[in-house]
Each structure stands twice: as C-alpha cells, then as structure tokens.
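[1] how would this look folded up:
(one chain, ligands or ions: 2)
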Amino acid sequence: MSLHYYCPICKHPLALNEKTLQCSNNHSFDFAKEGYVNLLPVQNKNSKDPGDSLEMVQARRSFLEQGYYGFLQTALANIVKPLNANLIIDLGCGEGFYTHAIADSTYGSVYGVDISKSAVKYAAKRYKQCQFSVASISQAPFDDHLADVLVSVFAPLFDNELARLIKDQGSLIVASPGPRHLKELKDYIYDTVNEHTEIATPAGFELVSKHLITEKVELVFSDVKNLIMMTPFAWKFRPEHWQALEKKQQHSVTLSFYVTRFTKTVL
Ligand SMILES: C[S@@+](CC[C@H](N)C(=O)[O-])C[C@H]1O[C@@H](n2cnc3c(N)ncnc32)[C@H](O)[C@@H]1O
Ligand SMILES: [Zn+2]
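    Ligands and ions are numbered 1, 2, ... in the order given. Have a look, this model is predicted:
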C-alpha cells in the first residue's frame, strides 16, 4: 500500500513501516486500532481537544444517519465522479459521511482529514475504503500539488493551503449553506434571519460551476435537536426555545446548499 502523507514536523515524505509512518528524520506516527493516523503534533494543537467535540460529532452522526442530507451526499459524489481523479482529499471530513460516498463512486484514493479526533475515530472505524488522519487543514500533511480534487463541506477554507495542495487543472468542490438553509430554526433565535450568500472564490482559483440544491423536510423533535447541535448557533438556543421546539409535533425545515466547483487558475 502506498500512502501520500508528509511529516507534519519536517515536511518530508512519510514511509509506511508495518503500522507506523516514519520520515527520514525519524519522526514517527502510529496508526490507531481504528485505522487512522494522528498527524497533529502537540505543538500545533491550540487546545487539548481541537475541532468538533464528541457531543457535536455524535449529534451530527445521528442526524446524518437519518438520510436527510442524502441529496447533498449524492450531489457531491456526482460532481466528483466524472473528474476521474486519482487522488481526492476531503478537508474537514468530520465522520466521513461525504468522504465515503465520494470514495464509493470513484476509483481514486480518497483521504479524509479532520482536526477532531472524535470525528476521525468514527470515520476510520466505519469507512475502510478511505484513508483518515487527524491533522490540521491549515497545514495539511501532504506534498504540494498532490490532489486532483479537494472537497470541503462546511469546513473552514484556507486559501493558501488549497492553492498549495491542488494540482494544475485540479478541482476544488465546496458545499456551503444556501440562502434559506435552516431558516425555520433560525427564526426561533433571530429577529431577522440573514440569508447566506455564495462563498467568495478562493485566491488562486476560478469558478467553474455553481448549483443551489434545496429540499424541505419534515422533522420530529429528536432530529431537530441533533440538527441544531451540529450548527455553530446551537449555543443561542435557550431553555425557552427548546421548550417551544419540543411542543411542536413536526417541524418543516428548509435544507439548502450551494455546491460550487472551482479550478486552479493556471498562470
Ligand atoms: C461543520 S463540520 C463539517 C464536517 C463534515 N465535512 C460534514 O459536513 O459532515 C466542520 C469540520 O471541520 C473541522 N475543522 C475545523 N477546523 C479545522 C482545522 N483547522 N483543521 C482540520 N479540521 C478542522 C471540525 O473538526 C469539523 O469536523
Ligand atoms: Zn519528520
């Protein structure tokens, strides 16, 4: 098996030796029993447990398992498939919900990277068809110009790093919230809900295509709770909001996403 990781400390290639990755400077990283490798050096950690917490990870996993975001999963797999990529990296892959669907629709190698150990542990345990690592996507553990396709689903975008990792003619696929995404839930906490706008084209890339996909779903309280816990605005829900939500039998909620493809600008 050939892996394409680079040492996060000295940036030299890492070679696989049984269950350990090692560089020429003897920095070594063991694979965990779940099958992922931790490439986040202690000195690069800003907190003890960076990235999404176990609570957020579990909520997202429970919600995604219900299949409501299946149409986004399919849209991403369908956009990546015809690109015939040899190497794909999902940056900020979480529990691998989109990563594995992309891997199942292509022949290329698929890597998932996330700074949250809880998320990567789940991903690696479940989806053996992908390579998962705990690492920062602001300094991803890969060589320059390695990826044919980079994928980012609701994850932070680091423009310089995207431009460094992508091959010439490569594609960057970004999923971001559509204008009225979760509007009905935001109505509980905001007087005026600002609509999401399209993401700006990252430096060094050009826009190729943009699709807005939207579905309205009927959710029960337990799904709504998990969905809110996945969002950055979960903390704004106070006990009275939770009570109001729980009182309603069913919630009609808009799910809406931009799926945007960019390509590297070749100078
Ligand atoms: C909103 S979640 C999306 C997860 C996944 N793409 C999905 O949609 O199911 C954002 C993810 O980005 C990860 N993340 C945030 N900052 C990161 C960084 N600097 N490096 C790697 N991952 C990061 C978080 O841990 C989290 O799993
Ligand atoms: Zn090294």
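
[2] Please enumerate the helices of the stretch 101-250 of the chain.
    117-126, 159-165, 183-186, 221-229, 239-247 (DSSP state H, counting those that start in this stretch).

[3] just those: most buried one?
    helix 117-126 (a mean of 22; mean count of other Cβ atoms under 10 Å). All C-beta atoms are positioned from the backbone trio N, CA, C, and that covers glycine.

[4] so how far is it off the chain centroid?
    Helix 117-126 sits 13 Å away from the centroid of its parent chain (Cα atoms, centre = their mean, to the nearest Å).

[5] Check stretch 190-207 too.
    The chain centre lies 17 Å from the centre of stretch 190-207; the measure is Cα atoms, centre = their mean.

[6] What of stretch 175-183?
    16 Å.

[7] swap in stretch 31-43?
    Per Cα atoms, centre = their mean, the centroid offset for stretch 31-43 relative to its chain is 18 Å.

[8] how about that stretch: buried residues?
    31-32, 35-41 (16 or more other Cβ atoms under 10 Å).

[9] Need the distance between the two termini of that stretch.
    In terms of Cα to Cα, to the nearest Å, the two terminal residues of stretch 31-43 are separated by 19 Å.

[10] Identify all contacting residues around that stretch.
    5, 8-9, 19-21, 29-30, 50, 115, 117, 120-121, 123-125, 128, 132-136, 141 (Cβ atoms under 8 Å, 6 or more residues apart in numbering).

[11] at 7 Å what do you get?
    5, 8-9, 19, 21, 29, 115, 120-121, 124-125, 128, 132-136, 141 (Cβ atoms under 7 Å, 6 or more residues apart in numbering).

[12] who's L207 bridged to?
    F262 (DSSP bridges).

[13] That one against F262, yeah?
    Yes - under the criterion of Cβ atoms under 7 Å, L207 makes contact with F262 at 5.8 Å.

[14] The protein against ligand 1: which residues are in contact?
    Within the chain, the positions near ligand 1 by Cβ under 6 Å from any ligand atom are 51-52, 60, 92-94, 97, 114-116, 119, 136-138, 153-156.

[15] Which residue lies nearest the spatial centre of this protein?
    Nearest to the geometric centre of the chain sits C93, at 3.1 Å (Cα atoms, centre = their mean).

[16] Contacts only, for the closest residue to it other than its chain neighbours.
    Among residues not flanking C93 along the chain, G112 sits closest, at 3.3 Å (Cβ to Cβ, 6 or more residues apart in numbering). By Cβ under 7 Å, 6+ apart, the contact set of G112 is 90, 93, 96, 99, 123, 130, 132.

[17] how close does the residue nearest to the centre of the chain get to Y122?
    11 Å (Cβ to Cβ, to the nearest Å).

[18] count of neighbours near A147?
    26 (other Cβ atoms under 10 Å).

[19] Show me what it is bridged to.
    Note on A147: beta-bridge partners by DSSP bridges are I166.

[20] so what's it scoring on pLDDT?
    pLDDT, A147: 98.

[21] so which of the helices of the stretch 101-250 of the chain gets nearest ligand 2?
    helix 159-165 (18.0 Å; Cβ to the ion).

[22] Give the rounded mean pLDDT of that closest one.
    On average, helix 159-165 scores 97.

[23] quick one: contacts of it?
    In contact with helix 159-165 (Cβ under 7 Å, 6+ apart) are residues 89, 137-138, 140, 142, 144, 146-147, 150, 172, 202-204, 264.

[24] Verify the stated contact: T201 with F262.
    Yes - judged on Cβ under 7 Å, T201 makes contact with F262 at a distance of 6.1 Å.

[25] Mind listing the shared neighbours of these two?
    Common neighbours of T201 and F262 (Cβ under 7 Å, 6+ apart) are L207.

[26] And these two? Which one has more around it.
    F262 (23 against 15).

[27] What distance do you get for that one to ligand 2?
    31 Å (Cβ to the ion, to the nearest Å).
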